[in-house]
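Undergrad: Quick one, fold the following:
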Amino acid sequence: MPETATTFEPHGHSGTPLPARGVSRIPVAALGMSLGTFLALTFVLCVLFDLWFPTLAMNPFWGPLLPGFTWISWTSFLLGLIEAFAYGWYVALILGPLYNFFAAKFR
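TA: Just a heads-up that it's a prediction; the model follows:
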């Protein structure tokens, strides 16, 4: 049975018991899919931007961030897309458990 707290009792009347709030946990799988999809979509938008505005292209900076990525072929595009998605999962697999650990520790 969950712990309960009561509401303010102004005149000696007991209030409605409220469920105690626990620490909210981040579901790592949902975080991984969200971040992975976000970074993959951002990668696609950046490639489109670079194709539409080549003088403002950021593709020279992608080499160190996306190993094996070269401008632009279908194979390279697919590799960049996979790597962007994988980076999202990397962040989720590190950040999610760390947040859950410290949120439980400092509640």
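Undergrad: Can you give me the buried ones in stretch 39-51?
TA: Leu39, Ala40, Phe43, Cys46, Val47, Asp50 (16 or more other Cβ atoms under 10 Å). Yep, even glycine has a C-beta here, placed from its N, CA and C like the rest.
Undergrad: for stretch 26-33, that is, sorry about that
TA: By 16+ other Cβ under 10 Å, the buried positions in stretch 26-33 come out as Val28, Leu31, Gly32.
Undergrad: Point out where this protein drops to low pLDDT.
TA: Along the chain, the model assigns pLDDT under 70 to residues 1-15, 17-21, 23.
Undergrad: ok, longest helix in it?
TA: Longest helix in the chain, counting residues (DSSP state H): helix 74-105.
Undergrad: other SSEs contacting that one?
TA: helix 28-52 (3 or more Cβ pairs under 8 Å, 6 or more residues apart in numbering; DSSP states H and E).
Undergrad: Cheers, nothing more for now.
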